[in-house]
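Participant: Kindly return the folded structure for what I paste below:
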Amino acid sequence: MNNKQLAINTIRLLSVEMIQKANSGHPGLPLGASPMAFTLFNDIMHFSPSHSDWINRDRFILSAGHGSSMLYSILHLFGFGLTIDDLKQFRQYNSLTPGHPEYLHTKGIDATTGPLGQGLSMAVGMAIAQEYMASQFNTEDHKIFDNYTYTIVGDGCLEEGITNEASSIAGSLKLSKFICLYDSNNITIEGDTHNIFSENVRARYEALGWETYLIEDGNDIEKIKETIEKAKTTDKPSFIEIKTKIGYGSVVEGTAKAHGAPIGKDNIPSLKEKLGLDFEEEFHVPEEVKELCEKSAQEKEDYYSQWEKMFEDYKIKHKDLYEKLNKFLSGEINEEFLNSNEFSTFEKDDATRSYSHVLLNRLKDKQLNIVGGSADLAPSNKTFMDGLDVFTKDNRSGRNLQFGVREHAMAAITNGISLYGGLIPYCATFMIFSDYLKPAMRLSALMKRQVIYVLTHDSVCVGEDGPTHEPIEQLAMLRTIPNLNTIRPADGFETAMGYKIALESKETPTALVLSRQTLQNLDETNEDALKGGYIVKKQDNPDLIIIATGSEVKLALDASKKLEEEGIHAQVVSMMCQEIFDKQPDDYKKSVIRPDVEKRVSIECLSTYGWQKYTGLNGLNIGINEFGMSAPGEEILEHFGFSTEKIVDKIKSYL
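Facilitator: The predicted structure is shown next:
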C-alpha cells in the first residue's frame, strides 16, 4: 500500500488500540472515517502545530465527538504534542486524551464536542465570525482572515434538531467557507437507521441552501480530496455525504456493535490483517508514516510563515487596522468608560430589559468587538444595536445578528463566534426559553467562553401570555451550572454593573436576567453590586435579614420600611449574583449575611429552590413553587402575595 493508506490504517489501529487499552470508547467512527479525516489534515487544511492558536488556521470540529480517539491519533502524527504515552492514557484520570474532545484541555482541539449536533452548530458560528473578521480587517493585498471551517458529522448529529436549525442559518447566510463532511453509514447505537432516519439528507441540505456532493466510497481519498477542493469554489456552504462502513475492517463491521464498545483484544489480529499491517508491536507508527506526516506538518509551518510575513507587512502598511485588531484579539476592555457615570446613570425608571438596550447602545461605539442578536425577539428583548447593520449574505460587516426562531442553534452558534476569537458575542431570548439554550450554555461554561446571554421577561409579570411563558424554575436551573454568572439586577445601575461583570469575565459566561415591567431606580444600589450580594439597607442590630433580587429588591426595601414602623429592624440585601457573592472572602459574606442573625427571609418571584443556603433550615423563603397563570402581571403578583402588605404579614407571622 502507499504511504497515505498506511497512515490511514495506522490511525485506525492506534484508535482501536487506545479504546481496547481503556476498555472504553467508540471504534466504529475511527475505523470508518479515518480516510476523510486524514485527507483533511494532510492534504487540505492550513494549520501550525507549533502555533496551534494561530488566528487564521483552518478550524476543525469533530461534531461526532465520540470518535475522539481518531482525532487524538491524528494530532499525535501531525506534531501537536500528544505522545504515544498520551494515547495509551485514553480516557484515564488527568490524561490529555479524554473521552470526548475538550477545548483548552488538549492542544489542537477547537471546540468541546460530545453532545451531538453542538459541534456542527458551533462551526456555523466560527464561519460567521470568519466572515465578519475578514470584512473588518482584510485588505486587497492582505488576507488576514481567509480560513475555512470543517466539521465531520455522523447520523446522530444530523438527527438532532439543532443541526437543522444551524444549517438553515448557514444556508441563508451563504457561508461558503464552511464545509461539512457526513460520515454516512446508517448505523447508530440501536442499529440500522432505516426505521427512524430514512430521509434524503442531501436533498434536505439542498433545500436549506447548501451545495451537496456524494462520495460512494469512503476509502477513495483522491475523490474525497477532489470533492473538497471543488466545494471550496462554491458560493454556498458545502455538504459532502461520504458513504462509509462503521467499524471498517473489524469483525463487527457494519453493525451497531462497532459503535460504542472495544472490538475485543482477540479480534485485533484479524483487523491488522485486513488493514495490511504486519507489525506486532502495539501503538506502533511506521517510519514511513512518521516521515509523511512530519513533511506535511513542515509544509503547513511554511504556509504559516508566509502568512506571518504578510502579517508583518500589514502591521506597517495598515497600522490603524492592526491596532484595532490587536484590541480585538487581546480582549481589551474600555475600563474607563465602564467606570464612568456616562455608562451607568439613568434619568428615568424603566424595565431592566430597556436599561440593557441603552447600555448596549452606549457600548457599541466604545467596545467595537461586541456582536450579537436575538432569536426573532429583538424588539422585545431590546437587543438591537441602533444604527448598525445586520449581518447578511450580502453584508458581512453587520454587527447585529438575526437567528430567527432558533434558540437551540443560536446559543451554539454564539459559542462558535466566541471560540473563533476576537469577538464578544451576545444572544437573547425570553427567560422561559433558557430551557432551549441550556445545552449550549453549559458548554459555554465548560469551555470558559465569554458569552453574554440576555434573558428578558424574567417572571410571572409576563402576565397575559400565561404559564407557558412565565419562568418559575429556570433561574434556579441557571444557578446550578458551574462557571456561569447568573445576574438579576434590581435597577438601571445594577444592570450596568451586570454588563461590567460580563465584559470583565474573560473565562465565564454571563446570564443577564431582565424584567419586562418597569423597575424604579433605587438610591440604595451602589458599586458593591460588583461583589454579587451587598447591603442596600443596613441595621446596627437587625432583627432579621431580607435577601432579594431584581424586581423584589424594591419590595424588600418597602417591607423593611413598614416593619420599621412597628419596631422591627430588617437589614436588606440585594443578591444580584449568587455565584460572585459565594466567591467573596468569608469576612465579607458574614458582614452581609450575619451569622448571629438567625431570622432570614428570601424574596424572589420564582422558585425558592436553593435559597436555603442563605436562609438556613429555619428561614422563610418567599417565592412561587407552582406554575403561573394568564392575567395582567399586577394581578398575578397580588395572587401570589407579592405586595408590600402581604410580604409584611408573612414576615410578621414568621417572626
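Participant: low-confidence ranges in this structure?
Facilitator: Within the chain, no range satisfies pLDDT under 70.
Participant: now do 90
Facilitator: Using pLDDT under 90 as the threshold, the predicted model of the chain has low-confidence ranges 1, 187-189, 191, 194.
Participant: domain assignment for it?
Facilitator: What the record gives for the chain is the domain set 3-300, 335-519, 531-654, from automatic domain parsing.
Participant: Turn those domains into CSV, columns for distance to Lys319.
Facilitator: Every C-beta, even on glycine, is put in place using the N, C-alpha and C of the backbone. CSV is the format used below for those (distance: least, Cβ to Cβ, whole Å):
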stretch, distance to Lys319
domain 3-300, 12
domain 335-519, 17
domain 531-654, 39
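Participant: Helix, strand, or coil at Thr151?
Facilitator: The local conformation at Thr151, judged by DSSP: H, G, I helix; E, B strand; the rest coil, is strand.
Participant: Give me the distance between Leu637 and Ser574.
Facilitator: Taking Cβ to Cβ, to the nearest Å as the measure, Leu637 falls 19 Å from Ser574.
Participant: ok, the two, which is more surrounded?
Facilitator: Neighbours of Leu637 and Ser574, each counted by other Cβ atoms under 10 Å, are more numerous for Ser574; the result is 32 against 22.
Participant: if we look at the helix or strand hosting that one, which residues are touching it?
Facilitator: When elements are assigned from DSSP states H and E, Ser574 belongs to strand 570-575. Residues lying outside strand 570-575 but in contact with it, judged by Cβ atoms under 8 Å, 6 or more residues apart in numbering, are 490, 494, 524-525, 529, 532-539, 542-549, 553, 556-557, 559-560, 563-564, 581, 592-594, 597, 601, 614, 651.
Participant: Give me the contacts around the helix or strand immediately after it in the chain.
Facilitator: Of the helices and strands lying after strand 570-575 in sequence (DSSP H and E), the nearest is helix 578-582. The list of residues contacting helix 578-582 from outside it, by Cβ under 8 Å, 6+ apart, reads 479, 484-486, 501, 530-533, 575, 589, 592, 610.
Participant: Can you give the distance of helix 578-582 from its chain's centre?
Facilitator: On the basis of Cα atoms, centre = their mean, to the nearest Å, the separation between the geometric centre of helix 578-582 and that of its chain is 21 Å.
Participant: just to revisit the earlier point, the contacts of strand 570-575 in strands, which ones?
Facilitator: The strands, defined by DSSP state E, take in Gly533, Tyr534, Ile535, Val536, Lys537, Leu544, Ile545, Ile546, Ile547, Ala548, Val601 from the contacts of strand 570-575.
Participant: can you list these in TSV and add neighbour count and distance to Asn326?
Facilitator: As requested, the ones in strands among the contacts of strand 570-575 are arranged in TSV below (neighbours: other Cβ atoms under 10 Å; distance: Cβ to Cβ, whole Å):
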residue	neighbour count	distance to Asn326
Gly533	24	37
Tyr534	21	36
Ile535	19	41
Val536	25	40
Lys537	19	45
Leu544	22	53
Ile545	23	47
Ile546	29	48
Ile547	27	43
Ala548	28	43
Val601	25	50
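Participant: looking at it, Cys157 is touching Gly117, isn't it?
Facilitator: Yes: between Cys157 and Gly117 there is a contact under Cβ atoms under 8 Å: 5.0 Å.
Participant: which neighbours do those two share?
Facilitator: Among the neighbours of Cys157, those also in contact with Gly117 (Cβ under 8 Å, 6+ apart) are Ser63, Thr163.
Participant: Spatially nearest residue to Gly550 (excluding sequence neighbours)?
Facilitator: Take Gly550 and drop its neighbours on the chain: the residue closest to it by Cβ to Cβ, 6 or more residues apart in numbering is Arg488, 4.1 Å away.
Participant: That neighbour: how many residues sit nearby?
Facilitator: Residues lying near Arg488 (other Cβ under 10 Å) number 33.
Participant: count of neighbours near Glu312?
Facilitator: Using other Cβ under 10 Å, Glu312 has 11 neighbouring residues.
Participant: so it is in which element?
Facilitator: Element membership for Glu312, per DSSP H and E: helix 287-317.
Participant: do Leu503 as well
Facilitator: helix 492-504.
Participant: So which elements touch that helix?
Facilitator: Under the contact criterion of 3 or more Cβ pairs under 8 Å, 6 or more residues apart in numbering; DSSP states H and E, helix 492-504 touches helix 335-338, helix 341-344, helix 352-363, strand 485-487, strand 510-513.
Participant: repeat that for 6 Å
Facilitator: Based on contacts counted as 3 or more Cβ pairs under 6 Å, 6 or more residues apart in numbering; DSSP states H and E, the elements that helix 492-504 packs against are helix 341-344, helix 352-363.
Participant: about what we covered before: can you spell out which helices and strands pack onto the helix holding Glu312?
Facilitator: If contacts are counted by 3+ Cβ pairs under 6 Å, 6+ apart, helix 287-317 sits against helix 3-22.
Participant: what's the angle from the helix it packs on to helix 287-317?
Facilitator: Between the direction of helix 3-22 and that of helix 287-317, the angle (axes from the mean of the first three to the mean of the last three Cα atoms, to 10 degrees) works out to 100 degrees.
Participant: Are there helices or strands packed against helix 3-22, and which ones?
Facilitator: helix 28-39, helix 68-77, helix 287-317.
Participant: can you list contacts of it?
Facilitator: With contact meaning Cβ atoms under 6 Å, 6 or more residues apart in numbering, helix 3-22 is reached by 25, 27, 30-31, 34-35, 38, 69-70, 73, 87-88, 90-91, 262, 265, 275, 277, 282-283, 285, 288-289, 292.
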